[in-house]
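1. I'll drop the sequence and a predicted model, then ask my questions.
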Amino acid sequence: MKPVLPSSLRLTVVALAAAGLLAGCSRDMSDLQGYVAEVKARKSNQIDPIPQMKQYEAFAYVGQDRRDPFVTAPNQRERGGPGDAALRPDVNRNKEPLEEFPLDALRLVGIVTFGTKTYAMVKAPDSVIHRVSVGDHMGQNYGRINKVAEAEVTLTEIIPDGFGGFIERAAALAATE
């Protein structure tokens, strides 16, 4: 059980605490006045003037023999691009394991031939070696393997052309030493 102080004793303790706090307050401000005098005595630095802004000069586009950049060129198809409108990646096809990785992350580590069929051994970034052959897919741009040779695997990727269509691009995966 806690001891309870009488109210007169509590009042005395509070009065003494207030008196102690007020004792720190005094009218002597000589240190503050000295600091203010020191700051006022410091030499002031000149502030650089605000720089003058250059007047805006209008530019007139004179493209007499050039095409207007805001008008679709006549050689572009209705679909909006120079790519083949019929060329599209097969998005309904099940993805193969090597299509998860970008082509530059894959490494050709060897070639194996069984009878008449030639396979490429490709190492993925997760250190798993996959066996691929002509017709398989790899890379993130819908790459289809065209040829498996002694030192490289050639494939054709289907990439966006920037105008809403797609174009084919040749790519290769070369053997590393």
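-> It's in. Numbering: from 1, shown residues only.

2. Outside of stretch 125-144 itself, list whatever touches it.
-> 89-90, 93, 95-103, 105-106, 109, 112, 117-124, 145-148, 153, 155-159, 169, 171, 173 (CB atoms under 8 Å, 6 or more residues apart in numbering). Where you see a C-beta, it was placed from the backbone N, CA and C, and this is true even at glycine.

3. OK, contacts around the residue positioned nearest the centre of the chain?
-> Centroid-nearest residue in the chain, with CA atoms, centre = their mean: Pro102, separated by 16.8 Å. By CB under 8 Å, 6+ apart, the residues touching Pro102 are 139-140.

4. State the pLDDT value of it.
-> Per-residue pLDDT puts Pro102 at 92.

5. same deal with Gly165?
-> 84.

6. Just the ones in strands from the contacts of stretch 125-144, please.
-> Counting by DSSP state E, those place 109, 112, 117-123, 145-148, 153, 155-159, 169, 171, 173 in strands.

7. picking up where we left off before, can you pull the phi/psi pair for the residue nearest to the centre of the chain?
-> Here is the backbone geometry of Pro102 (degrees, to the nearest 10): phi -70, psi 150.

8. Asp48 too?
-> According to degrees, to the nearest 10, Asp48 has phi -60, psi 140.

9. residues near it, how many?
-> 6 (other CB atoms under 10 Å).

10. Quick check: what element follows the lowest-mean-pLDDT helix or strand in the chain along the chain?
-> Here the helix or strand of the chain ranked lowest by mean pLDDT, DSSP states H and E is helix 7-23, holding a mean of 78. Later in the chain than helix 7-23, the nearest helix or strand by DSSP states H and E is helix 30-41.

11. Now, of the ones in strands among the contacts of stretch 125-144, which are buried?
-> For these, a burial check counting by 16 or more other CB atoms under 10 Å picks out 119-120, 122-123, 145, 148, 153, 155, 157-159, 171, 173.

12. For those residues, could you give me CSV that also reports distance to Asp136?
-> Formatted as CSV, those follow (distance: CB to CB, whole Å):
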residue, distance to Asp136
Tyr119, 9
Ala120, 9
Val122, 9
Lys123, 15
Ile145, 5
Val148, 9
Val153, 9
Leu155, 9
Glu157, 13
Ile158, 15
Ile159, 18
Ala171, 14
Leu173, 12
